[in-house]
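Visitor: Here is the input, now give the coordinates:
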Amino acid sequence: MSTLTTNISDSSRVLRLLVCVAASFAPGVIGGRFKPDVWYQTIEKSALTPPGIVFPIVWSALYLMMGIALWRYIERKSARGSGVALFAIQLVLNGLWSYLFFGLHQPGLALVDIVLLWVAIAATIATFSRATRGAALLLAPYLAWVSFATFLNFEIWRLQGM
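Guide: The predicted structure is shown next:
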């Protein structure tokens, strides 16, 4: 293989990685339009709710790992379109949660969404694991964080007497 062919191949892999990472940050960009407001500050929350600064730090790390996981998955010849479709579904559900919770102030609807998100992440992990265990493992912290976020969402819904 010539140096030119290698450079083009390496450049396309890097471009695919950047696209995957950018796509993974889409829910954060969308969700960023719906920030915690006075409503969120005044509602009763679980004692386990982390300080607000924790959320953007954790989500940034998770979005980065998600993008790398997607890239590792699509780089495999054994990857199937179903994994990419599941990944896209969980991205949509992820972005929708912020709108439902912070935009509409509907913790009950957000709870339904986050449960569906959890299922979509688990299905994505299962699908990715058939092509590359490494990609699936990169999504494990995401599933763990969404599990915790589901608990926090449930507690807010419960504490509001819903």
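Visitor: C-alpha from now on. contacts and neighbour counts both.
Guide: OK.
Visitor: Give the next helix or strand downstream of the helix or strand hosting Ile57.
Guide: Assigning secondary structure by DSSP states H and E places Ile57 in helix 54-74. Once the chain leaves helix 54-74, the next helix or strand it forms, by DSSP H and E, is helix 81-98.
Visitor: and Gly81, how many neighbours?
Guide: By the criterion of other Cα atoms under 10 Å, Gly81 has 10 neighbours.
Visitor: tell me the pLDDT at it?
Guide: Turning to Gly81, the model gives it a pLDDT of 91.
Visitor: try Lys77
Guide: 84.
Visitor: which one's the longest helix in the chain?
Guide: Counting by DSSP state H, the longest helix found in the chain is helix 133-159.
Visitor: what angle do that helix and helix 81-98 make?
Guide: With axes from the mean of the first three to the mean of the last three Cα atoms, to 10 degrees defining the directions, helix 133-159 sits at 30 degrees from helix 81-98.
Visitor: Quick one: list the elements packing against helix 133-159.
Guide: With contacts taken as 3 or more Cα pairs under 8 Å, 6 or more residues apart in numbering; DSSP states H and E, helix 133-159 sits against helix 54-74, helix 107-131.
Visitor: what sits up against the helix holding Ile57?
Guide: For helix 54-74, contacts defined as Cα atoms under 8 Å, 6 or more residues apart in numbering pick out 16-17, 20-25, 28, 79, 84, 87, 128, 131-132, 134-136, 138-139, 141-142.
Visitor: now for the host helix or strand of Leu15, which elements pack on it?
Guide: Under the criterion of DSSP H and E, Leu15 resides in helix 3-24. Contacts defined by 3+ Cα pairs under 8 Å, 6+ apart place helix 3-24 against helix 54-74.
Visitor: buried set for the helix it packs on?
Guide: 59, 62-74 (16 or more other Cα atoms under 10 Å).
Visitor: next one: stretch 126-138
Guide: For stretch 126-138, a neighbour-count test (16+ other Cα under 10 Å) marks 127-129, 131-133, 135-136, 138 as buried.
Visitor: Then stretch 9-29?
Guide: So, applying 16+ other Cα under 10 Å, buried residues of stretch 9-29: 16-17, 19-21, 23-28.
Visitor: Nearest to Tyr99, out of the residues you listed: which one, please.
Guide: Tyr99 lies nearest to Pro27 out of the buried residues of stretch 9-29, by Cα to Cα, at 10.2 Å.
Visitor: Spell out which helix or strand contains the closest one, please.
Guide: Assignment of secondary structure by DSSP H and E places Pro27 within helix 26-31.
Visitor: All good on my end, thank you.
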